[in-house]
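1. Any chance you can model this:
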Amino acid sequence: MRESGEMYLETLLVMGKRNGNIRSIDLAKEMGFSKPTISQQVKKFRSEGYIDVDGEGYLTLTEKGKEIAEKIYERHNVISEIFLALGVSEQTAREDACRIEHYISDETYNKMKEHYLQNGSKRGE
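-> Below is the predicted model of the structure:
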């Protein structure tokens, strides 16, 4: 899946945790995209099995979609925490993590996470 697709799924995950029910218009507002753009993506993700849309228009991640969203969301949080532990400002850490989370290899990410967790490098320790 491409970066933009991962961003949609991650945004749905985060919005679901925060707001519960999500409609296309909510996703459009959150992501700053037009309703037609979101509708096109929703149709695509639905046909690919990443999301479901109920009779009232509420969007939910399928297991397949949730798996991808959670992977990206975890990467975002772990990479952000590593950058924050290194002294990077919060805004820069989160922005950089958002870009990196989509391109870093599984191998590199897993080694970074392992090193970070083994060395107790969490902020405030």
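
2. ok, now which ones touch the residue nearest to residue 27 when sequence neighbours are not counted?
-> Leaving aside its sequence neighbours, residue 27 sits nearest to residue 38 (CB to CB, 6 or more residues apart in numbering; 5.3 Å). Every C-beta, even on glycine, is put in place using the N, C-alpha and C of the backbone. By CB atoms under 8 Å, 6 or more residues apart in numbering, the contact list for residue 38 reads 24-25, 27-28, 31.

3. and if we set it to 10 Å?
-> Neighbouring residues of residue 38 by CB atoms under 10 Å, 6 or more residues apart in numbering: 8, 23-31, 59.

4. So which of those is surrounded by the most neighbours?
-> Within these, residue 8 tops the neighbour count with 25 neighbours, counted by other CB atoms under 10 Å.

5. For the helix or strand encompassing residue 97, report the contacting residues that lie outside it.
-> Residue 97 is located in helix 90-100, with elements delineated by DSSP states H and E. Residues from elsewhere that reach helix 90-100 (CB under 10 Å, 6+ apart): 3, 7, 10, 72, 75-89, 104, 108-109, 112.

6. Pull out the buried residues from the longest helix along the chain.
-> Secondary structure assigned by DSSP state H gives helix 63-85 as the longest helix of the chain. Residues of helix 63-85 classed as buried: 65-66, 68-69, 71-73, 75-76, 78-85 (neighbour count, 16 or more other CB atoms under 10 Å).

7. cool, stretch 105-113 as well?
-> 109, 112-113.

8. Make a markdown table from those and add secondary structure, pLDDT and distance to residue 51 to it.
-> Formatted as a markdown table, these follow (DSSP: H, G, I helix; E, B strand; the rest coil; pLDDT from 0 to 100; distance: CB to CB, whole Å):
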| residue | secondary structure | pLDDT | distance to residue 51 |
| --- | --- | --- | --- |
| 109 | helix | 94 | 25 |
| 112 | helix | 92 | 30 |
| 113 | helix | 91 | 27 |
